[in-house]
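Build me a structure from this.
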Amino acid sequence: MKVQIAILLVALCLTSCAENKQTKDYIVFSGKIENVPSKKLMLGGDEGTITIELNEDGTFSDTLTQGEGHYVLFDSRNRLDFYFTNGSEYNLTADLKHFKKSAKLTGTDTDGSKYLMTKIERIKRVRGNNTAFYSLDEKDFLTKEAELSESYTSYLDSFPNLPKAFEKSEREELRYYHLLTLAKYPSLHRMFTKQPDFKVSEDYFKPLDTVNYLNEAAYNRGGSYRNLVSAHFNRKAEEQAMRDGTDKYFTKLKVFGAIPVEKIKNNLLFAAASTDIRYTDKLDEYYNTFLTVSTEPKHKESLKENYENLKLLSAGQPSPIFTDYENHAGGTTSLSDFNGKYVYIDVWATWCAPCIGEIPSLKKVEKQYHGKKIAFVSISIDVEKARGSWRKMVERKELSGVQLIADHDWKSEFIKSYQIKGIPRFILIGPDGNIVDANAPRPSDPKLIEVFNALDI
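As a prediction, the model looks like this:
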């Protein structure tokens with residue numbers, strides 16, 4: 001009888017323990033992170049982002065209720081990726097100065113996190129230099145990418161205790177990552193090899209054309225699938241614009257606007273419009289077209305603000321000004337110093353490869369118009385600590401024209417007023433100080449000379 005009672009008590013205990021484990025629907029995340037100036041980091045999960053508050057000694061402890069899934073611990077410059085499972089406890093130690101190298105995670109079910117913490121660095125290491133990789137000819141690229149894709153899967157397989165849900169989703173992610181790499185190859189090959197007319201073979205896109213690009217659940221999970229969807233519809237828009245000879249900006253609105261999945265449609269429309277509205281020469285028509293195809297009120301409101309600001313940069317409007325920018329030749333220079341002349345402004349930086357690629361064409365145009373009623377002004381937005389690099393590059397490249405550096409890099413009022421989000425950017429201002437073109441053609445574009453001729457410069 002005593003034996004039976006003992007067995008019963010053990011059974012009840014095991015049942016109770018199992019029930020407790022099943023009902024433990026939270027995650028404990030603690031640890032110590034050194035050299036965090038603000039004493040706080042952000043932790044993003046599938047359901048949103050929370051703030052991790054650190055004590056003075058860098059320790060922290062939080063209970064997470066979002067449930068099993070992918071988490072990202074980050075600040076403005078660093079990030080670590082984890083996969084946490086329900087009912088588990090994790091402890092992280094790290095030094096923010098060497099975040100990824102110093103990070104050590106202990107606890108239960110850590111294989112998913114250890115895989116994610118090393119995945120990207122390993123991909124970079126085995127793939128090597130991006131320029132060399134994407135410069136391969138098509139046949140060699142496809143062979144190399146197939147080998148790399150297999151090695152990525154083998155690395156995943158080297159973690160034997162991955163949570164089943166994570167393993168399944170990561171295999172899908174690696175497949176989409178492979179397809180995204182294929183999708184990016186043509187444009188990156190053109191960029192790295194400087195072959196603007198390069199085209200892939202007729203059958204190149206066949207593996208990509210078999211993908212379902214309207215999977216809203218996969219799109220909501222983000223990752224490579226979301227980028228792949230964007231690449232696919234952008235390619236379709238580019239192909240249609242070239243085939244029909246239509247404006248590329250309006251063609252994107254048409255192609256994206258026809259997508260039957262609302263979230264995908266609206267996200268792609270807004271991503272395109274947020275950039276393209278700054279470059280179209282038909283601002284009013286573009287904005288009104290966007291309003292007819294987008295069905296997301298928040299996107300419409302946000303673009304309205306961009307539109308109204310851009311109206312201030314229309315041809316004929318007074319140009320924003322800059323004052324007392326440091327001149328490489330000595331002293332300072334202001335926009336008002338060029339009153340009575342056209343001013344062609346090149347906004348660039350020493351780290352910007354496309355900017356540097358325009359230098360030979362810019363020097364050629366400057367030479368062609370030397371002594372004419374136009375000033376060529378280059379404004380660097382290099383940060384304060386890079387001023388030495390700016391000075392050396394101006395001398396090394398023997399840059400002509402007026403060489404200036406902005407007072408507060410990207411945060412300079414002139415840069416913000418022109419809503420410059422990417423460089424190189426070229427601006428043409430008239431002798432009266434009014435805007436001729438806030439997005440003037442590049443020096444390498446034959447249209448620039450057409451514009452100059454039309455203005456009788």
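
so where's the chain shaky on pLDDT?
Using pLDDT under 70 as the threshold, the predicted model of the chain has low-confidence ranges 1-24.

Recalculate using a threshold of 50.
Residue ranges of the chain with pLDDT under 50: 1-22.

Domain map for it?
Per the record's domain assignment (automatic domain parsing), the chain is made up of the domains 24-109, 114-195, 211-311, 325-454.

Between the ones you listed, which one is closest to residue 318.
Across those, the minimum distance to residue 318, taken as CB to CB, is reached by domain 325-454, at 5.7 Å. For the C-beta atoms, the positions are set from N, CA and C on the backbone; glycine is no exception.

okay, the domains of the chain in CSV with mean neighbour count and distance to residue 203 next?
Listed next are those as CSV, based on neighbours: other CB atoms under 10 Å; distance: least, CB to CB, whole Å:
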stretch, mean neighbour count, distance to residue 203
domain 24-109, 16, 35
domain 114-195, 15, 10
domain 211-311, 16, 15
domain 325-454, 17, 31
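
Tabulate those domains (TSV), appending distance to residue 201.
Converted to TSV, the domains of the chain look like this (distance: least, CB to CB, whole Å):
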stretch	distance to residue 201
domain 24-109	36
domain 114-195	6
domain 211-311	15
domain 325-454	27
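
nearest to residue 204, of those?
Within the domains of the chain, the stretch nearest residue 204 is domain 114-195; the backing value is 6.8 Å (CB to CB).

Nearest to residue 319, out of the domains of the chain?
When those are ranked by distance to residue 319, counting by CB to CB, first place goes to domain 325-454 at 4.8 Å.

and the closest one, how far from the chain's centre?
Computed by CA atoms, centre = their mean, to the nearest Å, the chain-centroid distance of domain 325-454 equals 25 Å.

Could you do stretch 324-334 as well?
The gap between where stretch 324-334 is centred and where its chain is centred comes out at 33 Å by CA atoms, centre = their mean.

residues making contact with it?
The set of residues external to stretch 324-334 that reach it, using CB atoms under 8 Å, 6 or more residues apart in numbering, is 321-323, 377, 379, 387, 390-391, 394, 402-407.

Among those, which one lies nearest to residue 440?
Each of these was checked against residue 440 using CB to CB; the closest is residue 377, at 12.2 Å.

so the closest one sits right up against residue 346, yeah?
Yes: A contact is recorded between residue 377 and residue 346 when judged using CB atoms under 8 Å, the distance being 7.1 Å.

what touches both of those two?
Counting by CB under 8 Å, 6+ apart, the residues touching both residue 377 and residue 346 are residue 401.

Hmm, residue 216 and residue 261 touching each other?
Yes: between residue 261 and residue 216 a contact is recorded at 5.3 Å, counting by CB under 8 Å.

Tell me which residues touch the closest residue to residue 412 other than its chain neighbours, please.
Nearest non-adjacent residue to residue 412, counting by CB to CB, 6 or more residues apart in numbering: residue 406, 4.0 Å away. Each residue near residue 406 by CB under 8 Å, 6+ apart is listed here: 322, 325, 379, 380, 381, 412, 414, 415.

do you know how far residue 406 is from residue 428?
18 Å (CB to CB, to the nearest Å).

do residue 337 as well
Per CB to CB, residue 337 is found 17 Å from residue 428.

just residue 69 next, same as before
51 Å.

Which residue ranges of the stretch 201-350 of the chain form helices?
All helices of the stretch 201-350 of the chain, identified by DSSP state H, counting those that start in this stretch, fall at 206-209, 216-221, 223-244, 248-257, 262-276, 283-293, 297-311.

Can you work out which other helices and strands pack against the shortest one?
What it means is helix 206-209. Helices and strands touching helix 206-209, as assessed by 3 or more CB pairs under 8 Å, 6 or more residues apart in numbering; DSSP states H and E, comprise helix 164-193.

what's the angle between the helix it packs on and helix 223-244?
40 degrees (axes from the mean of the first three to the mean of the last three CA atoms, to 10 degrees).

Distance from helix 164-193 to the middle of the chain?
Distance of helix 164-193 from its chain centroid, counting by CA atoms, centre = their mean, is 16 Å.

just checking, what packs against that helix?
Applying 3+ CB pairs under 8 Å, 6+ apart, we find helix 164-193 packed against helix 130-134, helix 138-157, helix 206-209, helix 216-221, helix 223-244.

State the helix or strand in which residue 361 lies.
Secondary structure here is read from DSSP states H and E; on that basis residue 361 sits in helix 359-368.

Just give the nearest non-adjacent residue to the residue nearest the centre of the chain, would you?
Nearest to the mean C-alpha position of the chain, by CA atoms, centre = their mean, lies residue 227 at 10.4 Å. Closest residue in space to residue 227, ignoring its immediate chain neighbours: residue 180 at 5.5 Å, by CB to CB, 6+ apart.
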